[in-house]
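Student: requesting a structural model of the entry that follows:
(one chain, ligands or ions: 1)
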Amino acid sequence: MTADSKPYPYFPGNRFLHSPGPTHIPKAVRDAMTNQPMDLSDPRVDPIIAGCEDGLRRLLGTKQAQIFLYAANGHGGWEAVIANVLAPGQKVLIAGTGHFSDSWALMAEAMGAVVVRTPYREGFPIDPNEIEQVLRADTSHEIVALFAVHTDTASSTTNDIPALRAALDAAGHPALFVVDVVASLGATEVAMDAWGINVIMGASQKGLMTPPGIAFCAADARAMEVSAKNPSHRFYWDWQLRAGPFSYKKFCGTPPHNLLMGLQAALGLIFEEGVDQVLARHRRLAGAVQAAVEAWSARGQLGFLVQVPQSRSVSVTTILLAPGVSSDDIRTIAREHYQVSIAGGLGPFQGRVIRIGHLGDLNPAMILGCLAGVEAALRKLGIAIGDDGLQRAMRALED
Ligand SMILES: *Cc1c(COP(=O)(O)O)cnc(C)c1O
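Tutor: Residues are numbered from 1 along each chain as shown. Below you'll find the predicted structure:
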């Protein structure tokens, strides 16, 4: 294929992007990003960065945490956390949630940490009792931190973060509490201070409606103290080196001006709509998707992966397929024939599931269009599904 060949035909109208990240970018965000970058000492740069930091603090529910922004994707945010809070040979407890906890654990091991894992039970959230037991058994307090993924985007499970804080407290364990909110922030409640979280990490391209390329950490005073004493080798990610008012130092070089302009605009949209309204909109749209999946499930060819209804994410829904039903075929027909792009399975779910992303810049008509495209693809492939998926989705959107 040559660089100028066009393997895919032109299509009119909008394509429906329903991967759980990257998500739709609102026009106001795209427009903000078309501004020229500035010279590094232009006084307009610092207020953009401060706007992003203040907005993130507000959305994260923290008054005191320091925010560190990186020109990186979510994996960069993960590495920043590990580099700052763990030294080689130190122990971290990583609660098993599936693909994303596994990936974070492999990264921690690659960086020299010793990882204690709790097993992921397919279809179920983290069991706080199991976490409490592991922490209680660690009587010499070798475990430096507990890492938990709020919403695991592969399984579409949202975990009970306050219950994990309660487990740490019940065990009387001093481990830092670290939470990944990449797929939950901007879609469901996150309350860093009220939930006793010491470190949060996230990224720009999911509920924050900004292109991929910005990762962030929020660190409280205890986490900053741990980082200050941490002897591990690091530079780019180092919170101590990134702290302070100078933007060139904050970013260890040139800040990603245009992404920051986009993020600032996106946070502005969230506050303009109202955080409570944004979260309520996500619950409502997720309710429509869940109503459709429930109806489609009637003939046994597909169903929810998450077995506990209250643990089903408002960001993404993972649909388990019966053996013989092809995830790739459904995705290809939905994308190429109906212009609806959905995700497939990650890690152990590869080939076994489809995932519908429903977070970010979405409204009822977009969700109904997505569900219609997916249902049409299922029907075109002759997969047996219940009849009233779209009707039920519409009914779920009535109130
Ligand atoms: C997407 C995601 C990541 C990784 O983000 P990248 O930008 O792809 O590196 C990490 N954690 C969760 C929960 C995610 O959904």
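
Student: give me the low-pLDDT residue ranges for this structure?
Tutor: Confidence mapping of the chain against pLDDT under 70 gives the ranges 1-5.

Student: would you mind listing what in the stretch 51-200 of the chain touches the ligand?
Tutor: By CB under 6 Å from any ligand atom, the residues of the stretch 51-200 of the chain that approach the ligand are 73-75, 100, 149, 153, 180, 182-183. All C-beta spots, glycine's among them, are computed from the backbone N, C-alpha and C.

Student: now the two most distant members of the residues you listed.
Tutor: Based on CB to CB, the longest span within those runs between Asn73 and Val149 and measures 15.6 Å.

Student: which of those two has more residues huddled nearby?
Tutor: Counted by other CB atoms under 10 Å, Asn73 and Val149 do not tie: Val149 has more neighbours, with 31 against 17.

Student: dihedrals phi and psi, the more buried one?
Tutor: As for Val149, its main-chain torsions (degrees, to the nearest 10) stand at phi -100, psi 120.

Student: thought it was touching Asn159?
Tutor: Yes. Using CB atoms under 8 Å, Val149 and Asn159 qualify as a contacting pair, with a distance of 7.0 Å.

Student: intersection of neighbour lists for those two?
Tutor: Each of 95, 97 lies in contact with both Val149 and Asn159 under the rule CB atoms under 8 Å, 6 or more residues apart in numbering.

Student: which residues sit in contact with Thr151?
Tutor: Here Thr151 is in contact with 157-159, 181-184, 187-188, 313, 315-316 (CB under 8 Å, 6+ apart).

Student: in this structure, where's the longest helix?
Tutor: When secondary structure is assigned using DSSP state H, the longest helix within the chain turns out to be helix 275-296.

Student: helices or strands up against that one?
Tutor: In this structure, helix 275-296 packs against strand 302-304, strand 316-321, helix 364-380, helix 389-396, with contacts taken as 3 or more CB pairs under 8 Å, 6 or more residues apart in numbering; DSSP states H and E.

Student: ranking those by burial, who's on top?
Tutor: Ranked by average neighbour count under the criterion mean count of other CB atoms under 10 Å, the helices and strands packed on helix 275-296 are headed by strand 316-321 at a mean of 25.

Student: CA atoms only: put it into CSV for me.
Tutor: The C-alpha trace of strand 316-321 is given here as CSV (Å, rounded to 0.1, in the frame of the first residue of the first chain):
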residue,chain,number,x,y,z
VAL,A,316,-18.4,1.0,29.0
THR,A,317,-20.3,-2.2,28.7
THR,A,318,-18.6,-5.5,28.0
ILE,A,319,-20.8,-8.0,26.3
LEU,A,320,-19.8,-11.7,26.5
LEU,A,321,-20.5,-13.7,23.3
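
Student: use 57 as the first number from now on
Tutor: All right, first residue 57 from here; so that's strand 372-377.

Student: buried stuff in the helix or strand following that strand?
Tutor: Elements were assigned by DSSP states H and E; along the chain past strand 372-377, the next helix or strand is helix 383-392. Within helix 383-392, the residues that count as buried by 16 or more other CB atoms under 10 Å are 383, 386-387, 389-391.

Student: how far off centre is the helix or strand just after helix 383-392?
Tutor: Scanning the chain past helix 383-392 towards its C-terminal end, the next helix or strand to appear is strand 396-398 (assignment: DSSP H and E). Relative to the mean C-alpha coordinate of its chain, strand 396-398 is positioned 18 Å out (CA atoms, centre = their mean, to the nearest Å).

Student: neighbouring strands for strand 396-398, and are they parallel or not?
Tutor: Under the criterion DSSP bridges, strand 396-398 sits next to strand 72-74 (parallel) in its sheet.

Student: tell me which of the helices and strands packed on helix 331-352 lies nearest to the ligand.
Tutor: strand 372-377 (8.3 Å; CB to the nearest ligand atom).

Student: tally of neighbours for the residue in the chain positioned nearest to the ligand?
Tutor: Distances between the chain and the ligand by CB to the nearest ligand atom are smallest at Gly130, namely 2.2 Å. Taking other CB under 10 Å as the neighbour definition, Gly130 ends up with a count of 25.
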